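Visitor: 3D, please:
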Amino acid sequence: MKKLLILFFILFFSSVSYSEDKKFAYFAGGCFWCMEAAFEKIDGVSDVVSGYSGGTKVNPTYEEVLRGRTGHIETVKITYDPKVISYLDLLKNFWINIDPYDGKGQFCDKGNSYTSVIFYQNNEENKLIDQSIDEMKSLNRKKIKTAFVEFKNFYPAEDYHQNYYKENATHYYSYLLGCGRPARLKEIWK
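Guide: Okay, the predicted model is just below:
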């Protein structure tokens, strides 16, 4: 019985320390397949989940979000280790993977569900967003149309959307190039 109790405490406290070592960030940058691909390759990021955020409907479907019936936006939930990568560095990666000057969507995807949004969870993140926007404004005088709003909810997208860029690489890259995302990013960030 003593061994079982010791094992329980070891498992409990090791899981508690793990949860203290990770944080979450929520970004909407158009197609969540593209944002998932942009963040999964970063050191310090342990998971990226495609989903929906910002709306009112609980557990929305892709079709409902796409049709504008939920108020949700395609979003990625990023699990990261702040000892390895900072929230500010995640913001920098976000900016270079979107068109912050397009308020109608991203690249070939238009409509509310494809707009760019940074969802902040606390005052510290809000201040870092302000700081990053000031840096962005110093690079270009165009008006930044990316919104930043308080985080309220996140619902994972259907399984077939998760890791889409890996599981359906041919279709993903055809979409990516056909949508003009790489060319537009190069034009913005040259």
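Visitor: all helices in this structure, in order from the N-terminus.
Guide: Along the chain, counting by DSSP state H, helices occupy 2-21, 32-40, 62-66, 87-95, 123-139, 164-167, 169-179, 181-189.
Visitor: So which of the ones you listed is the most surrounded?
Guide: Highest mean neighbour count of the helices of the chain: helix 32-40, a mean of 23 (counted as mean count of other CB atoms under 10 Å). All C-beta atoms are positioned from the backbone trio N, CA, C, and that covers glycine.
Visitor: Check which helices and strands it sits against.
Guide: strand 23-29, strand 45-53, strand 73-80, helix 87-95, helix 164-167, helix 169-179 (3 or more CB pairs under 8 Å, 6 or more residues apart in numbering; DSSP states H and E).
Visitor: List the contacts of it.
Guide: For helix 32-40, the external contacting residues (CB atoms under 8 Å, 6 or more residues apart in numbering) are 27-29, 45, 48-51, 74-76, 78, 90, 93, 97, 157, 161-165, 172, 175-176, 181.
Visitor: Let me see the mean pLDDT of that helix.
Guide: In this model, helix 32-40 carries a mean pLDDT of 97.
Visitor: Output the helices of the chain as JSON lines; include the columns distance to G105.
Guide: Listed next are the helices of the chain as JSON lines, based on distance: least, CB to CB, whole Å:
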{"stretch": "helix 2-21", "distance to G105": "35"}
{"stretch": "helix 32-40", "distance to G105": "12"}
{"stretch": "helix 62-66", "distance to G105": "12"}
{"stretch": "helix 87-95", "distance to G105": "16"}
{"stretch": "helix 123-139", "distance to G105": "19"}
{"stretch": "helix 164-167", "distance to G105": "18"}
{"stretch": "helix 169-179", "distance to G105": "11"}
{"stretch": "helix 181-189", "distance to G105": "12"}
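Visitor: pLDDT below threshold where in the protein?
Guide: Segments of the chain classed as low confidence (criterion: pLDDT under 70) are 1-20.
Visitor: Swap in 90 and give it another go.
Guide: Across the chain, the ranges flagged by pLDDT under 90 are 1-21, 69, 135-142, 189-190.
Visitor: hmm, back to that, of the helices and strands packed on helix 32-40, which is nearest N140?
Guide: helix 87-95 (10.8 Å; CB to CB).
Visitor: So which elements touch that closest one?
Guide: strand 23-29, helix 32-40, helix 123-139.
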